[in-house]
Every structure is written in structure tokens, then in C-alpha cells.
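In: mind looking at a prediction? Sequence and model below.
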Amino acid sequence: MVDERPGPASAPRLHPQLRVAGAVLALSCLVPVETGHDGARFLWQLAPDLGAASTAVLLAPACAGALLIAATFACERAAALAFVALAAIAGVLAVISAGAEALAWDLLPAPEIWSSGPAPGLVAVALAAAALILAPVPESARASILAPVPESARASRALLTAAVPWAAAHLLVPTGGERRLGMLARVLGHVASSSGGGNLVGACLLSTLVLWPALAVAAGWLLVRSPRPRRPALVLGACALPTALLPLVQTSLSNPWGESSSAASTLGGMAVLAATLVVLTVSLAFLASLAPAILWRERRTALLSVAGAALTALAASRLGSPPASAAAFDLGPATPEGDRLFGALLPRWSDARARVDRGTAVAGPDLAVADETLRASARDLDGGLGNAVGTLVTEVGRPGLMERRWYRLVEQINEASRRRALPYYVDPTGLGGTTADPSRRWARVDTYRIEAVRHFTGAARDLITLHVRGLGADRNRAATMGLSRDQQPFAVVVLDELEAYARELEQLAAPPSPRCGEGPVDREAAEDALRDCGEMLAALAHAGELRRTLLAATERHELQHQVDGAYLSSSGWLAGRLAWQPPSQRARIRRELSAYLAQMTAGGAAPRLTLLRLLRLALLIRRGAEYPMALLAFEALGDGERVDAEGESVARAYRRLRGLDDDALRQRAARAWREVYGRELAALVQRDPP
């Protein structure tokens, strides 16, 4: 091997350092993955039901570690090894960032250590640590393994200078829609005004960890001129622990209601983050110490490394995106056999299976007969459908059914029906129970007949809606007019539920003094708004626009969920307004607000009908995620005035919008969507079936 001094580490020294860090990264595949509903699971338990992109994202650190280990044996020149190491870490950070949507499509949250966007902070700390390692020390300290040379003083200052913008990005670039400095100001202000001194001290200590990258850079500038010798191991240790804790602390401060990850996931994530910091630091320190001529000789390795990292990130982004074209639906006619299977046997089996899984019934001959009858009926219709139904029956009967597996099982039935042109849709309505007692988990499906398929183009994609009617008249179903599952490449409009809601609105419009709903309100202005809304509803009903408009608005609502996808990026406009909402509620509000504003841009009287719905949610229903969403919708549609829970505030916002016609309301909704989400609302165009 060639010793490429001057530099802080010779080739023999750099290789084992990266080999150890690479081994830690490679072992990250053994760290349990937090799944949310299913708790912590090992990757090999999830792999059968994950997409290729999700698997690649979760394996990215391990693959980078394996690449590092291989590179330490393949690269004799330390400079080449350092470039490969930096590219491997850059690839990991890029893949995880690009793959957030892929994980969301597979119902997985981003790993906690990466979800807070630690890349700028990691780079800032690594640059500061590398600068301290390179800083000149007294002549008596030159015998240390990583002995710097006098020329390294300039490189040390250059590294610290480069660290400053990364530290600024860590503090100022929004993560989850909120800047870290803004988040700290919000949290500390709240604790100072509503909590005791002890809590304030604790919050300040946690805030110090969030500020750690900036503090590390500032400390670097103070210590770089110090004549005291510094051991690289101590520098790395002092920098690694706060950096490894930073994502956990930030998550705790921004999501105080969030559940803690398992100990294995937390400790494993900290080890991965620490190993990443070591790779960045030792590689940057080594390259910064080399003469320009040596770096120039490695330009080919550097370019190939950068290209490899970029291609890896691009591949992850492409794999994680939804398909541009939805699968074609060629519907055949409904048959008595199909109606019996989907309308009677499957719902009956689902209910019987759920009773057994909940412990309210005992598995016996009746359930076994239902299982076999369901399998046989499906096989008679189609062999592929029979296999899919048989797999569902077998897997649901096993303990510990996971959420991803449940959706995949139902998806296989729908795919088999589509290939056979059967006009039926099965919805994976629920997977109940908790991971605390896997034997008590239960599953439920609802079944529908597909009456029409409509095709749309927008957002560089082909989109599909299925118009369906519920099967199994003797069975209660979820009262929802539309469905959009993240795992399904189509939206669903439930015609019978839509018609039931239309009848409810028609009854409200029928009295001489119509009102938009029943129930008391807290202000006279709110009552006046509901009466005015009733007059608007009566006009829509008398004009015969109600049902047609409900269909258009509902369809546009569900299509927007398809456009937004499983991963709707955070909004700076919403970040402060939703800061104290629980994380799950926060995500639901963000997605529903997007869909309601989008449905307001549909044709006909959709803007007025949406305004009616928002008023009912804000004044009468007042529960769930749609209640705060309605308040935010009025605020976004208005002139910037805050809308609170008081009926007077809601009525005032409604009156300002009520005077606009449908075209003006459509323009106002498109403008509001752009202000909230920071980009233009996608325009959707219906097209004829292919």
C-alpha cells in the first residue's frame, strides 16, 4: 500500500477505520423497523409484502456498509477509498430522502433517525470534527497517529468555513414544514408560559441538542486555535453522541404525543448515525489534508463516485413514484355466481371470521364450511381468483396478521377480478386489534359491484375512479361517499352512500325555512349563517343540481387523494397552525384540506356545495380531523384572518365567501391551495376510456 502523506491518516490507518464503520452500517439490516400499527418488525418479516423501492430504502445503510467493507479491500489508495466512502454516505442520504414516498406507499413511516432530515446537521458536525482533527498542535504532539502537518491549518479553516452554511441550513431549512429555530421558539415559549421552571430547564437542555450542529461549528472556531493536542477518537466521541441523539430529541419536541420507538430500534439507529458521522469525518479530514495534485489524480474516482450516488438516488425516486398509467378495467357483466360470491359468501365469511378473532365466537365446523364454500365458489368463477381467495382465507386465520400483509391479500383478489373482467371491488375496510395481543387481531372486508369506470389525466398521470354500489344489503358498511386507499392506484365513489347523503340534504332543503343541519350553535351569527346556507341548499335542490354536483365534488375529492399520493409533503403554512396536533391527526388534516380545496374547483355548483359542507363541519359536526380542517379551509379561502372555534368567527368567514359566484370561488380555492401547499393545484381532465 502507498502512504500518501502529508495527511492525517495513512492508507493503513484509514482502511480499518472505515472497515469498522462499514461493519456497523452493514449490521443495520438487523435493526427492527418501526411499522406503526404492527410495532417493531425485522426487515425479513416485512420483505414479502414490501415494494422493491421500500426494500431498497430500508437496506440502503446496510448496502453502503457492505460497499465500504469491499472498498477497503479493493482500494489500495486511501484517497480513492475516501471518495468512495463519501459517495456511499451521500447515496444513503439521497436514497432515504427520495424514498420517503415509497415507504409511505407501503404504510411505513420513515426511520426515526432519518425522518427529521439530519443530513445538513450531520455534514456540519462532520466538517467541524474534521477541522479539529486537522488543526495544528504543538510539536510534542506530532507523534500521534493522526499527526497533522502545518499546512493543515489552512485546510482546517476551510472546513470550518464550509460547515457554516450547513449549520445554517440545519437551523433554517424547514423539516416537516417547520424550521428548527421556529420549532424551538414555539416549544420554549409554550413551556415558559404554561409549565414550571423544571420543565423549562429540561426543554432548554433538549433544545441544546437540537442546536448541536451550530454549537459544534462555533466550538470548532473557538478551539481550532487552541494549542492543546486533540485525539481524533475523543473528537469523534464528543461529536457523535449529541449527533446520534439529535433526531430522537427533535422528534420528541415536535411530536410530544408520539409513541416511543422500541429500545432496539432506537439504539440501532443511534449506532447507524454515529457510524455515518465517523465515515464522513475521517474521509473529509483525510481528503482535506492532501495536496491538490494528489486530489487531481483521483478525479476519475471522484466523478464515478458522484455519478454512482446520483444514479442510486434517481433509481430510488423512480421506483418509489406511482405508475404513470393506471391498470385498465374492462368490465364484464355481473353474474348470479359473482353476486353470490361477493355479495353473500365473502361478507358472511368476513363477519364470522371477525367474531372468532375477537373472541365473541368459537371456531367450529360452521367456519370451516364457510371457508371451503368461499374457496370453491371463487374457484368456479376463475382459477386465479380462487387462489387469491384461498390465500386470504388461510392467512387471515393465522395469528399475528400484519397490516401490509392484509392489504396485499385483498389487493390480490381485486387484481384477479380485474384480469377476469369481473365487475366487483373488495375493500380492506378494517384491521382491528393491537400488537399487544396478536391473537385478537381481526379483519373485515366490504364488497361492491362496479357500475362504471371513469378515466382522467392530470399531474403527469392517468387516473381512474370506480363508481360502485354496496353488496350485502343486510350488512352495515362504513358510511363514506368515497374511498382512496394509498395502496390502490384508483379512487372509489360509492353511489348508494352518495345518494343517501343527497336525500338527507334534500330533506333539509324542503321546509319553508331551510337550515343546513340540525343542532344548536353558540352564536346568533352562526344561526344566521346556517339559515343562509339553507337557502343556498334549497336553490341547488330546486335547480336539480344536487346529485350531479355531489358526484363531481366527491370524485374530484378522491382523485386529489390519488394525486397527492401516500406522501403529501409538509406545508409551511400549516406547520405552525398544526404544531400542537397529534402527528396522526396532523397528517389527516393536511390531506383532507388538500382534497376539500380541490373538490371546490370541480364543475357546476361544487364550490357552493363544498362551502355548505365546510360550514356544517365547523358549526355542527365539530369532531374528528375534519373539524379543524374546516376552520383552516375557511382561513385559507379568506383574506388572511384567523378563524377560531367560535361560531361568530366561522359565520364571518362564511359570509365573506357566500357573496362570490361559483367561478370566483373556484379561483379562490385554487389560490388557497397554492398558498397552503406552495405549488399549483393539478388540473384534471376527463378522457374517454382507452
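Out: It's in.

In: alpha carbons only for contacts and neighbour counts from here, please
Out: Will do.

In: which parts of stretch 160-167 are buried?
Out: Under the neighbour-count criterion of 16 or more other Cα atoms under 10 Å, stretch 160-167 has 160-164, 166-167 buried.

In: what of stretch 265-272?
Out: Neighbour-count burial for stretch 265-272 [16+ other Cα under 10 Å]: 265-266, 268-272.

In: average pLDDT across it?
Out: The pLDDT scores in stretch 265-272 average 88.

In: for the buried residues of stretch 160-167, give me a markdown table that also has secondary structure, distance to Gly400 and pLDDT.
Out: Converted to a markdown table, the buried residues of stretch 160-167 look like this (DSSP: H, G, I helix; E, B strand; the rest coil; distance: Cα to Cα, whole Å; pLDDT from 0 to 100):
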| residue | secondary structure | distance to Gly400 | pLDDT |
| --- | --- | --- | --- |
| Leu160 | helix | 51 | 92 |
| Thr161 | helix | 53 | 92 |
| Ala162 | helix | 50 | 93 |
| Ala163 | helix | 48 | 93 |
| Val164 | helix | 49 | 94 |
| Trp166 | helix | 44 | 94 |
| Ala167 | helix | 44 | 93 |
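
In: residues touching stretch 390-409, excluding its own?
Out: With contacts defined as Cα atoms under 8 Å, 6 or more residues apart in numbering, stretch 390-409 is touched by 37-38, 46, 49-50, 106-107, 353, 371, 375, 388, 410, 428, 431, 435, 438-441, 443, 487.

In: now that stretch, how far from the chain's geometric center?
Out: 24 Å (Cα atoms, centre = their mean, to the nearest Å).

In: from what I see, Pro514 and Arg531 are in contact.
Out: Yes. In this structure, Pro514 is within contact of Arg531 by Cα atoms under 8 Å, at 6.4 Å.

In: those two: which has the busier surroundings?
Out: Applying other Cα atoms under 10 Å to Pro514 and Arg531 shows that Pro514 carries more neighbours, namely 20 against 17.

In: tell me the contacts of the more buried one?
Out: Residues in contact with Pro514 (Cα under 8 Å, 6+ apart) are 508, 531, 534-535, 538.

In: among these, which lie within helices?
Out: Among the contacts of Pro514, DSSP state H puts 508, 531, 534-535, 538 in helices.

In: identify the residue nearest Ala510 in space, chain neighbours excluded?
Out: Ala538 (7.0 Å; Cα to Cα, 6 or more residues apart in numbering).

In: how far away is the one you found from Arg655?
Out: 17 Å (Cα to Cα, to the nearest Å).

In: quick check, Val389 in contact with Asn414.
Out: No. Using Cα under 8 Å, Val389 is not in contact with Asn414, being 10.0 Å away.

In: phi and psi next, for Ala23.
Out: Main-chain dihedrals, Ala23, degrees, to the nearest 10: phi -60, psi -40.

In: give the contact list for it.
Out: Ala23 makes contacts with 65-66, 69, as judged by Cα under 8 Å, 6+ apart.

In: looking at those residues, which has the most residues close by?
Out: In terms of neighbours by other Cα under 10 Å, these top out with Gly65 at 30 neighbours.

In: in terms of pLDDT, where does Gly258 sit?
Out: In this model, Gly258 carries a pLDDT of 65.

In: tell me which other helices or strands the longest strand belonging to the chain touches.
Out: Taking DSSP state E as the criterion, the chain has its longest strand at strand 442-458. Here strand 442-458 touches helix 346-358, strand 424-432, strand 461-470, strand 685-687, going by 3 or more Cα pairs under 8 Å, 6 or more residues apart in numbering; DSSP states H and E.

In: got the buried residues for that strand?
Out: Of the residues in strand 442-458, those buried (16+ other Cα under 10 Å) are 442-450, 453-457.

In: with stretch 528-543 instead?
Out: Buried residues in stretch 528-543, defined by neighbour count with 16+ other Cα under 10 Å: 529-538, 540-541.

In: how about those residues in TSV, adding distance to Ile464?
Out: Rendered in TSV, the data for these read as follows (distance: Cα to Cα, whole Å):
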residue	distance to Ile464
Ala529	37
Leu530	35
Arg531	38
Asp532	36
Cys533	33
Gly534	34
Glu535	35
Met536	32
Leu537	30
Ala538	32
Leu540	28
Ala541	29
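
In: ok, which pair from the residues you listed is furthest apart?
Out: Of all pairs drawn from the buried residues of stretch 528-543, the greatest distance, 18.3 Å, lies between Ala529 and Ala541 (Cα to Cα).

In: after the longest helix belonging to the chain comes which helix or strand?
Out: Taking DSSP H as the criterion, the chain has its longest helix at helix 263-289. Following helix 263-289 in sequence order, the next helix or strand is helix 292-297 (DSSP states H and E).

In: pLDDT on that following helix, on average?
Out: On average, the pLDDT along helix 292-297 is 80.

In: list the buried residues in that helix.
Out: Leu295.

In: pull the CA atoms of that helix into CSV?
Out: Taking Å, rounded to 0.1, in the frame of the first residue of the first chain, the C-alpha atoms of helix 292-297 are listed here in CSV:
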residue,chain,number,x,y,z
PRO,A,292,-4.1,19.4,-4.8
ALA,A,293,-2.0,17.3,-7.1
ILE,A,294,-3.0,14.1,-5.3
LEU,A,295,-6.7,15.0,-5.4
TRP,A,296,-6.4,15.8,-9.1
ARG,A,297,-5.0,12.3,-9.8
